[in-house]
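> Fold the stuff below for me.
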Amino acid sequence: MVVRWRVLDFSSFEGELRSIRGGIEVVRKDAPDVSIPIADVALVLVGQGVHFGTAVLHRLCSADVAVLFCDWRGVPEGGAYSWSDHGRVAARHRAQASLSEPRRKNAWGRIVHAKIMGQAAVLKASGVEGGGELISLASEVRSGDPGNVEAQAARRYWRAYLGREQGRFPGAGELLGWNACLDYGYSVLRGFVVRSLLAAGLCGSLGVFHRGRGNVFALADDLIEPVRPCIDSAVRELSRDASPSDPEVKRLLVAAATRRFTPEGLTVQAVLDDFAQQFGMYVEGDVRRLSPPVWQGPQGD
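This next block holds a predicted model:
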């Protein structure tokens, strides 16, 4: 499998994109045209000032490149993805739909455990107390998380992470600060997750824990959980008044979604691809237990 890793960020770009053989061409006033090959591109962020035709979308989708459309703040709000040509797509969709309740609960419990362990690693790497308490809570997670340990850990984690009693407020519409940076980083990361699950022949709307009539990618909201700490770790290194509208901050957040994730050197994208494929084998019964990835802290990147 070819691991694509590059992210092209046109969320603040003013100009035109054109389709060319093997890639796209960037056209803007008062600057030479630039040709970009897309062989190693995984994700393209497109802002409101970008003009392009369907030929560009065809070029990107045919190359299995995910395209995220951003609002005026540069925050992704929708996307275009290639349809999977995975050889077992129908079988995996049926397996997801018929996944037994005990196996569904077991998968969610393992995802929650991995997420909490990653959060503990974030606090440890940041020199913030509370990691040991999170590790103890992780040991209490059971199949299906009936005790809602995830929520207990989240309260403790965000209090320690933010250094205040109030927790985090996802999607609050803030334009600056760590909360806004987390929202942006998670949005980019979710684009990678969607791309991975589609490449694995999985049905995005059939989630493990997350569900909703209007959520086309509920499964992405499940599989992203253990990987979120890599974004948390990067955001904590920013100033408290950092804004994702700042080009340099945005660059750092995009880089956080493509950084090395494991001590062995696997990138976030490679880990997500492996996790999605593993989940596909899990729902089909080829893997007895799900083993979600665990963030262990920055890997020297």
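> distance between the ends of stretch 66-76?
Using C-alpha to C-alpha, to the nearest Å, the end-to-end distance of stretch 66-76 comes to 12 Å.
> average pLDDT across it?
Stretch 66-76 shows a mean pLDDT of 82.
> beta partners of residue 78?
Counting by DSSP bridges, residue 78 is bridged to residue 69.
> That one is in contact with residue 69, isn't it?
Yes: contact status for residue 78 versus residue 69: in contact at 4.7 Å, counting by C-beta atoms under 8 Å. From N, CA and C alone the C-beta is placed, and that goes for glycine too.
> The two: which is more packed in?
Neighbours per residue, other C-beta atoms under 10 Å: of residue 78 and residue 69, the larger number sits with residue 69, 16 against 10.
> how close does that one sit to residue 207?
Taking C-beta to C-beta, to the nearest Å as the measure, residue 69 falls 23 Å from residue 207.
> for residue 153, same thing?
Residue 153 sits 20 Å away from residue 207, taking C-beta to C-beta as the criterion.
> Tell me which of the two has more neighbours.
More crowded of residue 153 and residue 207, by other C-beta under 10 Å: residue 153, with 26 against 20.
> my guess is the more buried one contacts residue 119, does it?
Yes: Residue 153 is within contact range of residue 119, at 6.6 Å (criterion: C-beta under 8 Å).
> what is in contact with these two at once?
Shared contacts of residue 153 and residue 119 (C-beta atoms under 8 Å, 6 or more residues apart in numbering): residue 134.
> For burial, what's the neighbour tally of the closest residue to residue 293 other than its chain neighbours?
In space, residue 293 comes closest to residue 271 once its chain neighbours are excluded; the distance is 4.8 Å by C-beta to C-beta, 6 or more residues apart in numbering. For residue 271, the count of nearby residues is 22 (other C-beta under 10 Å).
> Quick check: mean pLDDT of the host helix or strand of residue 271?
For residue 271, the host element (DSSP states H and E) is helix 268-283. Helix 268-283 shows an average pLDDT of 93 in the prediction.
> tell me what it is packed against?
helix 89-97, helix 101-126, helix 178-199, helix 218-223 (3 or more C-beta pairs under 8 Å, 6 or more residues apart in numbering; DSSP states H and E).
> what's the burial count for the nearest residue to residue 208 once chain neighbours are set aside?
Counting by C-beta to C-beta, 6+ apart, residue 208 lies nearest to residue 222, which is 4.4 Å off, once chain neighbours are set aside. For residue 222, the count of nearby residues is 22 (other C-beta under 10 Å).
> And for residue 199?
For residue 199, the tally of surrounding residues (other C-beta under 10 Å) stands at 21.
> how close does it sit to residue 247?
30 Å.
> show me what contacts the nearest residue to residue 243 once chain neighbours are set aside?
Leaving aside its sequence neighbours, residue 243 sits nearest to residue 176 (C-beta to C-beta, 6+ apart; 3.7 Å). Residue 176 is in contact with 241, 242, 243, 245, counting by C-beta under 8 Å, 6+ apart.
> Is the first one located within a strand, as I assumed?
No: inclusion of residue 241 in a strand is not indicated when DSSP: H, G, I helix; E, B strand; the rest coil is applied; the result is coil.
> which ones are touching it?
176, 177.
> Mind doing that once more with 10 Å?
For residue 241, the contact set (C-beta atoms under 10 Å, 6 or more residues apart in numbering) comprises 176, 177, 178, 180.
> With distance to residue 25 added, can I get the residues you listed in CSV?
CSV is the format used below for these (distance: C-beta to C-beta, whole Å):
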residue, distance to residue 25
176, 34
177, 37
178, 37
180, 32
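> biggest separation within these, which pair?
Spanning the widest gap among those are 176 and 178, at 9.1 Å by C-beta to C-beta.
> Find the residues that touch each one of those two.
With C-beta under 10 Å, 6+ apart as the test, residue 176 and residue 178 both reach 239, 240, 241, 242.
> who wins for neighbours among those?
Neighbour max across the shared contacts of residue 176 and residue 178 (other C-beta under 10 Å) = residue 242, 20 neighbours.
> Show the pLDDT at that one.
Model confidence at residue 242, given as pLDDT, is 95.
> Would you enumerate the residues in contact with the closest residue to it other than its chain neighbours?
Closest residue to residue 242 apart from its sequence neighbours, by C-beta to C-beta, 6+ apart: residue 249 at 4.9 Å. Neighbour list for residue 249: 176, 180, 181, 184, 185, 235, 238, 239, 242, 243 [criterion: C-beta under 10 Å, 6+ apart].
> Look at residue 147 and say how many residues are nearby.
So residue 147, with other C-beta under 10 Å, has 12 neighbours.
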